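Colleague: The following comprises the amino acid sequence and a computationally predicted model.
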Amino acid sequence: QVQLVESGGGLVQPGGSLRLSCAASGFTFSDYAMSWYRQAPGKERELVATIRGDGAVTKYADSVKGRFTISRDNAKNTVYLQMNSLEPEATAAYYCSARSMILPTSHWGQGIQVTVSS
């Protein structure tokens, strides 16, 4: 059974940091590119960051470049999103996603709330 379980969200003040984690199970983790998406109320879901299966390539939305870092630990089947210098505009539900690099298959986590507010 495929599972993606996000953790690490919560309330943080502007300028603060959070690290999201996504623990994966039920598939060959290293065969999947992993991504973080976010969706703010009333807005479409947007891609935040992506990392290739071997961790060698990463891509970021322009809005988070230089402040967010995506990483993965294939030994722990976990992907992370380190978020620094958070702004209120980062308030959203954050979703972990896995996309197979071999098959037309993708999986999604349930999402976790991040709120940036004073």
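Modeller: Nice, I can see it.
Colleague: Tyr95: what's it in contact with?
Modeller: Listed by Cβ atoms under 8 Å, 6 or more residues apart in numbering, the contact partners of Tyr95 are 6, 36-39, 45, 108-112. Where you see a C-beta, it was placed from the backbone N, CA and C, and this is true even at glycine.
Colleague: and the helix or strand hosting it, which residues are buried?
Modeller: If you go by DSSP states H and E, Tyr95 is part of strand 92-100. Of the residues in strand 92-100, those buried by neighbour count under the rule 16 or more other Cβ atoms under 10 Å are 92-99.
Colleague: quick one: strands adjacent to the helix or strand following it?
Modeller: Going down the chain from strand 92-100, the next helix or strand is strand 106-108, by DSSP H and E. Its sheet considered, strand 106-108 pairs with strand 92-100 (antiparallel) by DSSP bridges.
Colleague: Can I get the strand it pairs with in PDB? Just the C-alpha atoms.
Modeller: Extracted C-alpha coordinates of strand 92-100, given in PDB (Å, rounded to 0.1, in the frame of the first residue of the first chain):
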ATOM      1  CA  ALA A  92      -0.900  27.100   2.400                       C
ATOM      2  CA  ALA A  93      -1.500  23.400   2.600                       C
ATOM      3  CA  TYR A  94       1.700  21.700   1.400                       C
ATOM      4  CA  TYR A  95       1.500  18.400  -0.400                       C
ATOM      5  CA  CYS A  96       4.100  15.800  -1.000                       C
ATOM      6  CA  SER A  97       4.000  14.100  -4.500                       C
ATOM      7  CA  ALA A  98       5.900  11.100  -6.000                       C
ATOM      8  CA  ARG A  99       6.100  10.700  -9.800                       C
ATOM      9  CA  SER A 100       7.600   7.600 -11.300                       C
END
